[in-house]
Each structure stands twice: as C-alpha cells, then as structure tokens.
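>>> Sequence below, structure please.
(chains A, B and C)
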Amino acid sequence: MSLAMYYFLTISAVYILMSWALYLPYRLAHLHFLTVANMLISGYLAGYLVQSHGFPFALALVAGFTAGGLVGYIVSLFIDDAPTFTVVIVGFTFIYISRTAVENIKAVGATMGMFGLPMVAGTPNAHRLTILILVYALVVVVGFLIYRFEHSRVGRAASVMFVDKDLATSMGVDIKKLGRLVQTFSSLIAGGCGVIYGFIYRSYHLDFFTFHLVGIFMTVIFVGGYTTMWGSLLAAPALYGLSLILPPAVASWRIVIYGAILIAVLVLKPEGFITRRLAYTLETTLSRWRKR
Amino acid sequence: MNKKVVVFFLVLFVSVSLVLVGCKKEKAAKVVVEEWEVPFLNSLTGAIASIGEYLQWGAERAAYEINQAGGIAGKPVKVIGVDTALEPQKGVVEMGKIVEWALVALGPVPEPVIMAAAPIAVENEMMTMTATTSLEYAEQFFPWSISWFPKTADRLPPLSRAWAEMHPDMKSVIQFVGIYGPWPGMAASHVVGIEEVGVKYLGDVEVPQDAVTFGPLVVKALDQKPDGVIISCWPDKAAKIVQELKSRGWTEMEKVLLFSSADDAALYTTGGADLNGAVIYNYINVDQDTPRWNAFKEAYQKDHNGLQPPSLSTNYYDAVYMIKRAIEETGVTGDPKKLAEERELVAEAMLNMKNFEGLLFKWDMSSGVPTNKPGYLFQIQDGRKKLVKEIRP
Amino acid sequence: MQVFIAQVINGLSLGSIYVLLATGFNLLLLVAMIIHFAYPQVVVFSMYIAWVVLRYTGNSIVLAVLAAILSSVLLNVISAPLFQKIMKNREEVDINTTMVMSLGIGMIITDILSHGFNKGLPIAFPPKLVGETPILRVGLISLMGGQVASLAVGVIAVSGIFLLLYKTRPGRAFRAIAEDPNGARLVGIPLLRTGLESYALSGILGGLIAVLLAMLLGYSSPGLGEQVAHKVLAVSIIAGLGNLAGGLVVGLALGIMEALVQGYISGSWSNAIAFVVMLLVILFRPRGLFGIKL
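This is a model prediction of the structure:
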C-alpha cells in the first residue's frame, strides 16, 4: 500500500469517528463541539505520557479514551439537557481553554509542539499497519455500538427527542440521562481519536486542533446525512478525498467548493445524501437478499 | 617512412585515448531525466497563501534563471507547487506521493505541516529543504533536512544587542510576543542580547492570535514606562501595535524593533507611513547592488505591483540553486533505479556545502546548519528598508 | 487610575465592535428568525467592497458607504431565501441548520476574500477615514474619532432599531412575518415586499457597520470575521437571543472584561477567561441574562 493511500485511509477513519462523535449528540439536537477539545486534551496527554514517562502506546491510548470520557461525563453533568446554544458555548469555551493551556505548558512543547513520538511497533511499516488496523477496528466497534444504539429503545427515544423534546419527556424519556450518555460516549470516542491522530503524524501541534476541524466534521455530517450513521461513513472519505484529487487550479478554490456543496445539500437535500428512508430501504433490500 | 608511421600511430593513439576518456566522462554524467522535477510542498491557499505565493515565486524564478542558463547538467528544472493549504492532513498525503519518485523536495511550509509530513521524508531518506523554519524545528529531521538559520540562541542576541547599542540612553525595554510556534523562543533570545548591554527587560506582553484591537496591550506595555519596544508577532498585528503606540504618544520610532518574522508585505500594507523610523532586522540586504539581485528585485517588483521582495522570497530561490549545485557536483543522473543512492548523495552534498553562492551572499553549511550568515538592522522609511548595520557572527 | 480608565475606554472600543455585530445579528434574528453565524464575515466582505471603492474613487467616503450598504443588502437578499428554505419551522429559531448554512456562507466569503482581494493581504483604510490624530489624549488615555463614532452609532443603532421594530408599523410587520408568516398574510401584510424590506434593513445596517468598523479598526483581513464570530454569537446568547438592549450591555461588558484581562492578567488567557465567564453565566441563566426576545 502506498504511503499516500495509508494516510488517506487512516485520516478518513479519524474523520469518520469524529463525525460519529458529533453525530450521536446531534440526535438530541446538541452540537457537541467539546469533542474537538477532547481530541486535543487526550492527544497531548497521551503524547506526554509516552514521551516523558515512557508509557506504552496501548496504555496511553486507554488514558486518552479515559480522559475524554471523564471530561465528557463531568461536563455533561451540567449540560445533559441544556439548550443547544449552551452546548455550543461549552464547546467553544473548552476549545479556547485547552488551546491556551497547551500554549503555556512547556512539558507538552507549548507553542512549538511535540516532536518525534515513538512508533507504536518496531518498524515504520509495522507502526503504520498497527495504526491502520487499530483505527479501522475502532470504526467497526464504534459503528456497531452506534448501530445497536440506534436500533435500541434508547436510540429510538433519542430520535424522538430530536423531533420533539416535550413529546419525548411526556413519554417518559429521561432526557438528562440520555444526554449524559451520548455526550460521555461522544467525548470518549473523540479522546481516542485525538491520540490516534497524533500518532499518525507522530507529533502534536496546536494547529492540528483548530476551529476549522469543527467546520470539517459538521460538513461531513450534514452532507453525508445527519439522520443516520451511514452518511458520515461515506461523506468523510469522499470530502477528504475530493481535496486531494482536485486539479491544482481548482483545488485552490476547494473551500469555496466545500461551502457550496454544503449549502446545496442543505437546500436541495436537507437530510443529506443518506437519509433515513434510503438507509431503511437499503437495509430491507439487503435483508431480503440475504433471505433468498 | 618509419618516422611517418610512428607519428601516425602516435596521433592515432592520442585520438583514441581522447575519445575513450570523453566517452567515459559522458557515461559518468549521463542524465536520464528529461527534466528535473522538484516538488515544493507549500501553502498556496489558506491563511498564509500570500506568503506561499512569494516563496513559490522565488523558487520558480530560480528555475527560470537556471533554465535560461542551460539547466541542471543540461536538463531543464521545473518546480512543482504542491498545495498543502496549511493542513497537515493534506501535507502527509502529498508527501506520501512525493517520496515515491522525487530526488529532493522543497518545503514543507509552515510548521504544522513540517511536523506532520517531514517524518515521512526522513523515513524514506529523502532530503526535504525546510528553508523557512527555525533550526529548532528543522534539526528534528536531520540529516534529511537542512536549516537556513543558525540556532536561535546564537543568531538573535547579536541583533538585539546591536539595536540596543545604537541607543545608549535606552535603559528598559518591553516586548510584545505573539504566542505562536518558535516566537516565544525568539523573544527570549532578544532578551539575552539586550541584557548583555545592561538594558533592563520589563517583561512580555502576550499578543493573542485573534486580537483585533491592541489598545489594552499597548496601555499595559506603556504603563511600565519602557524606553524601547520589541515587537515579535504577526506582521499585521505588529503594524497595528505600532500605530497604537503612536496614538498614545510614542515618538521615538528608532527605539521600536520589529523582528524578522514580521517583515512581510502585511506589515507594510497595514502600517504604511506609521512605520517610518522603526527598526527591523532580517537576513537580506535589499539595497545591495549586484546584477543578480537587481534582476531578481526588478522581476519581483514587476510581478507584485512595485513591492519590495520580502526576506523569505530568496530562501527557496537559493534552495533551488543549492539543488542545482548538489546535482552537478555529485553527478547524479535522476535514474529512478538509483533513487535511494542518489538521494543520499544529494543530501550529503548539501549538508556540508561550502562557499554556496546565495543570491545575496556566500555561506557555508556545516552538518546542515549555516555558518557565517549575516544579519542586518534596517530602518523603515516609506515602505522601504534602509540598511543601518550589518552584523556578522 | 489613569491606566484603569484607559483600559475601560479600550474595552468600550472593543465592546462596540461586538455591539455593532450583535445588533446586526439580532436584527436578522428578529426579522427573519435566522441565526447568521457568518454575519461578521458578511460585514467584513462589505468592508472590502468599501476599500475597493475608496481605492478607485480617490477615497470618496460617500461612494464607499453606498457600496458597502449595497453589497451587504445584496448578500442578505441572496442568502436569506436559502435560509428560509432550510428552516423546518418558520415560527422558531432553528439554530442547527441555520448555523450550518451560515458556516457554509462564511467559508465561501472568507476564501473569496483570501483569493480575490489584495492577494489575500490585510487591507488598510485611508488615515482620513480612521482619524489621523486622537481627539483626546491625556497620558495613556487616547480617544480616536472612529472609536467615538462606532460607540455612538452602536447605541443609536440599537435604540433606533428597537424603536423601529417595537414602536412602528413597518417594524411590527417585520416581526409578524418572522414569527408567523401565515398569520401575517391573513392580516394583510404583503409578505414578499415586507420580507424584502426587512432584509434590506439588515443589509443597510450591515453596510453601516462595515464602515464603522473600518473607522474603528483602520484595517481588515480575510480572517477578521472568523476571529470575532464566536464572541458575537456568545454575546447574543448570553444577552438573550433577539434582545437588542441586552446585546448592547453584554457586548460592552465583554469588551471591558477582555481589555481588563489583557491589561492586568494575560493576553493569551483573555479568550479562555472571557468564555469561562460567559459559560458560567449561561449555565445559570440558559435563556440569557436579559431574556430571549423572539
């Protein structure tokens, strides 16, 4: 496999996972931008543990997941059923706080960044293979969990909340508990992504985690489709790949193209390309075909 | 008759020898490429597109001149701009493609993309010339990178000291520091220089990346009653700080020192005449009078509405010439089958290149670090820099 | 004491940027139920148009103002129908879809400015627009004409729009269309004409804000809109969506707080501290300090 293909696949997988991390809370109409801060916090934490304290990568990854989940859980105690605006402000706040903290902490490289993280396996090829397997294993696991969630009673309750919060409450859905669950899980995923993202590059820099990422992941969700998980699975590699294959003269206008695609999809296909109905149709077609 | 036979065989022998030697030389120098392609990982779009543009311009100018003069080992050279748009996720994919075929690369630009993509070049043992970043970044990737600048702690103190020495009545200095990349480290080196001549350092005033007004920061600085000010932040913000200083009564512009990273078109388009009298340091002397530099300057001004070439515009220009010299000295052929071997030859040639004839001065490389590069103090007047002092290590 | 006063004035100056932008933001909310996250980018675009006109007309301020207003009106008129198409429920604010739509618009505007104007470099406005010397200078206290104008106009704009929307017939018609288009139609309000008038109004305000910001800052850059967008959104949310008077108070308060943090604590922590304070406020008052006025 070529290096270009390796980076395309691994970064696409991170995009998929992060889009799912945003997608889940969005089922409750929460734009949970805290996930970008989780990436940053867990990523730098893992890098610090590995580089300064000789932690093995696996342990650092667990620490990253744990930190993400912990931060997400603690914050969710305050915003589990908060209005959308509050959740947005919380996300922005944590992004600003975490960036400022890293800028001022010399132990994690401050504004210079962290260089030369060790490989997770003995040789460069083994390192890449490990990261690739790990990240796609995560895609499968997280995808499975989200699938089961969506097809569970809790998941259906979340769907009702998106449509009508009051109706959901009157039907006995515990909004606070549900909010806490999805936000914690979403932050957990984001924490793990932050660790993996840095180990793909074997370095960390503040400019790896900017507000620009928020725009990218939101574009993936809305273009792919925000009513099912399958939209992000397709949109993430497509949008990332688009920027790589455009000819140079066109590529320089790629942000305008992304913006135009986003607006066009919102206006013409508000649910995104993969709608609930389409996903349902495909599912039933597949199950009929399997029965045959 | 015998004499004629002897002379005949002598001439024949000499002719055959000459032919054989000529053939051997030709075999050794036979370049297999039709064109030397040099990829340049650059930020051609995004927040620093304006900087990427003139870096690209410099590299392409060098390629143009080289081609006009016959190319590299007789073959033309082409600089291929590869846009990373300031995105590490794009930079790694592009570098992943480049390492499959390129002999040597230019860039990446800027630091986040260097950090993500340069390890790929290192792993594939390909020289990637990070000619616009500090040594502290570039040395992480030695010997597959070279630095255009010596260590910050060696390079900067003489410059700030020279500025402080120009103003013996300047007893205390405050510094505006942009919280980005190597700038805090550069700011610390400025302090070393001024303290060497007994100037008191009053402290840093941190400039946030998204600051849009500068009144609070300038008031904070002026409240400490400094005699001098150093500004180490983004060019447009540096210009606004100067304007704010002036609006609060600062008049001694020669006691304002701007650092090299602020020396960019954005400084002059934002600051205009308000910058007059301020001192700035950098590594090229725009007022030098040499045919080569004059031609470069004229071409730059023609393509950029009369603007003076920024300092960094010469870096990748020189880098392309360095590649030329490395290829010609090592006799590499561009043969894809010998890629690994030829990459190593080219890299080694550059790491310790002596007497390299840059656009404005000669310098030596020693293990990838330049030695004996000068620095300059200028005074800004109507958008132009006038040389005040040259500082040689 | 002098330093404190100087910082408060700096804060009012910074705050007036937030007030102006939040006012325009709230106006769009009140007349069209649109959360236009990229409203600052629209204003920055108008600043660039004004700059172009100034360059080519020998610094004619009148023409620049007209051009800024026209560009802002045009952008509004083009984008507003797009917003309305995607809004699920015209009677309520749909932050999710409108925020995403405005993100897309903001991306496009910022990139066009980076490509198409002045090679992506910042632009500087002529000194006579900005004011060459302070109108008041006492020690560290300095007051430029642009600062006074933007603060004064900000207060006047808030008052004027408040009066227009709540005390005049056209204003009530704008709000009626925003809150209940069917009901508005039933009582005889011409939807299309009134809708266009409301977009034009917010466009006019946007153009004026662009000129005021040019006077206040003296420069602009492609990224300027993005740099302030988060804070403008936060100001509006903290004050209470659609609350004009609240936006005035909170905008100025935020500006003063930022200036004091930068002046007395640290420049690099000013954003983090500002957002923490805003976060604490919104956790205890989710509907904003002064209440939602939609």
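
>>> From B:G96, how far out is the closest residue to chain B within chain A?
Chain B sits closest to A:L3 of chain A, with a gap of 3.2 Å, by CB to the nearest CB. All C-beta atoms are positioned from the backbone trio N, CA, C, and that covers glycine. Going from A:L3 to B:G96 by CB to CB, to the nearest Å gives 3 Å.

>>> Could you tell me which residues touch both of these two?
B:I120 (CB atoms under 8 Å, 6 or more residues apart in numbering or on different chains).

>>> and the stretch 101-250 of chain C, which residues reach chain B?
Residues of the stretch 101-250 of chain C lying near chain B by CB under 8 Å from any CB of the partner chain: C:111, C:114-115, C:118-124, C:127, C:133-134, C:137, C:140, C:142, C:144, C:216-219, C:221-224, C:227-228.

>>> ChimeraX command to pick out the buried ones of those?
Filtering these down to the buried ones (16 or more other CB atoms under 10 Å in any protein chain shown) takes a single ChimeraX command:
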select /C:111,114,115,118,119,120,121,122,123,124,134,140,142,144,216,217,218,219,221,222,223,224,227,228
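
>>> A:S287 - how many residues pack around it?
Residues lying near A:S287 (other CB atoms under 10 Å in any protein chain shown) number 9.

>>> Leaving out chain neighbours, which residue sits closest to A:E150?
Once flanking residues are discounted, A:E150 sits nearest to A:M229: 6.7 Å by CB to CB, 6 or more residues apart in numbering or on different chains.

>>> okay, now that neighbour: neighbour count?
24.

>>> From B:I380, how far out is it?
A:M229 is 57 Å from B:I380, by CB to CB.

>>> and what of B:A239?
B:A239 is 10 Å from B:I380, by CB to CB.

>>> Quickly list what's touching both of these two.
Common contact partners of B:A239 and B:I380 (CB under 8 Å, 6+ apart): B:L275.

>>> of the two, who's got more company?
B:A239 (29 against 24).

>>> and that one, backbone torsions?
When quoted as degrees, to the nearest 10, the phi and psi of B:A239 stand at phi -60, psi -40.

>>> Please apply the same query to A:T228.
phi -140, psi 160.

>>> Please name the nearest non-neighbouring residue to it.
Spatial nearest neighbour of A:T228, excluding adjacent residues (CB to CB, 6+ apart): A:A279 at 4.3 Å.

>>> what mean pLDDT does stretch C:81-95 have?
Across stretch C:81-95, pLDDT averages out at 67.

>>> Give the other helices and strands that the worst-scoring helix or strand of chain C on mean pLDDT contacts.
Lowest by mean pLDDT, DSSP states H and E among the helices and strands of chain C is helix C:127-130, with a mean of 78. Here helix C:127-130 touches helix C:145-167, helix C:191-217, going by 3 or more CB pairs under 8 Å, 6 or more residues apart in numbering or on different chains; DSSP states H and E.

>>> would you put the C-alpha positions of the shortest one in CSV?
C-alpha atoms of helix C:145-167 as CSV (Å, rounded to 0.1, in the frame of the first residue of the first chain):
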residue,chain,number,x,y,z
GLY,C,145,-12.7,59.7,16.2
GLY,C,146,-13.6,56.2,14.9
GLN,C,147,-14.0,54.9,18.5
VAL,C,148,-16.4,57.6,19.4
ALA,C,149,-18.3,57.3,16.2
SER,C,150,-18.7,53.5,16.5
LEU,C,151,-19.8,53.6,20.1
ALA,C,152,-22.2,56.4,19.5
VAL,C,153,-23.6,54.8,16.4
GLY,C,154,-23.9,51.5,18.1
VAL,C,155,-26.0,53.0,20.8
ILE,C,156,-28.1,54.9,18.3
ALA,C,157,-28.5,51.8,16.1
VAL,C,158,-29.7,49.7,19.0
SER,C,159,-32.2,52.4,20.1
GLY,C,160,-33.3,53.1,16.5
ILE,C,161,-33.9,49.5,15.6
PHE,C,162,-35.7,48.9,18.9
LEU,C,163,-38.0,51.8,18.2
LEU,C,164,-38.5,50.7,14.6
LEU,C,165,-39.3,47.1,15.5
TYR,C,166,-41.4,47.7,18.5
LYS,C,167,-43.0,51.1,18.1
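
>>> buried residues in that helix?
Buried, per 16+ other CB under 10 Å, within helix C:145-167: C:145-151, C:153-154, C:157-158, C:161-162, C:164-165.

>>> where exactly do the helices run in chain A?
Remark: helices assigned in chain A by DSSP state H are A:3-26, A:34-53, A:57-79, A:84-104, A:124-150, A:153-163, A:165-170, A:175-201, A:211-224, A:230-245, A:248-251, A:254-268, A:276-291.

>>> what's the closest of those to C:G15?
helix A:84-104 (18.3 Å; CB to CB).

>>> So which residues of the stretch 201-350 of chain B form helices?
Per DSSP state H, counting those that start in this stretch, the stretch 201-350 of chain B carries helices over the ranges B:215-222, B:235-247, B:265-271, B:291-303, B:315-330, B:339-351.

>>> Quickly note the distance from the closest residue to A:M5 other than its chain neighbours to chain C.
Counting by CB to CB, 6+ apart, A:M5 lies nearest to B:G96, which is 7.7 Å off, once chain neighbours are set aside. Noted for B:G96: a distance of 26 Å to chain C, by CB to the nearest CB, to the nearest Å.

>>> Equivalent analysis for A:L178, please.
A:L178 sits 18 Å away from chain C, going by CB to the nearest CB.

>>> buried residues in the helix or strand hosting B:A62?
Counting by DSSP states H and E, the element that carries B:A62 is helix B:49-68. Across helix B:49-68, burial judged by 16+ other CB under 10 Å covers B:49-63, B:65-67.

>>> hmm, back to that, nearest to A:E283 among the helices and strands packed on helix C:127-130 would be which one?
Using CB to CB, the nearest of those to A:E283 is helix C:191-217, at 41.8 Å.

>>> tell me the mean pLDDT for that closest one?
For helix C:191-217, mean pLDDT is 86.

>>> Quick one: name whatever helix or strand follows that helix.
Using DSSP H and E, the helix or strand that directly follows helix C:191-217 along the chain is strand C:219-220.

>>> domain assignment for chain A?
A:3-208, A:210-292 (automatic domain parsing).

>>> What is the end-to-end distance of the last one?
Translated: domain A:210-292. Taking CA to CA, to the nearest Å, the first and last residues of domain A:210-292 lie 49 Å apart.

>>> what do you get for stretch C:261-280?
From its first residue to its last, stretch C:261-280 covers 17 Å (CA to CA).

>>> is that stretch anywhere near chain B?
Yes: contact of stretch C:261-280 with chain B (CB under 8 Å from any CB) involves C:Q262, C:G263, C:Y264, C:S266, C:G267, C:S268, C:S270, C:N271.
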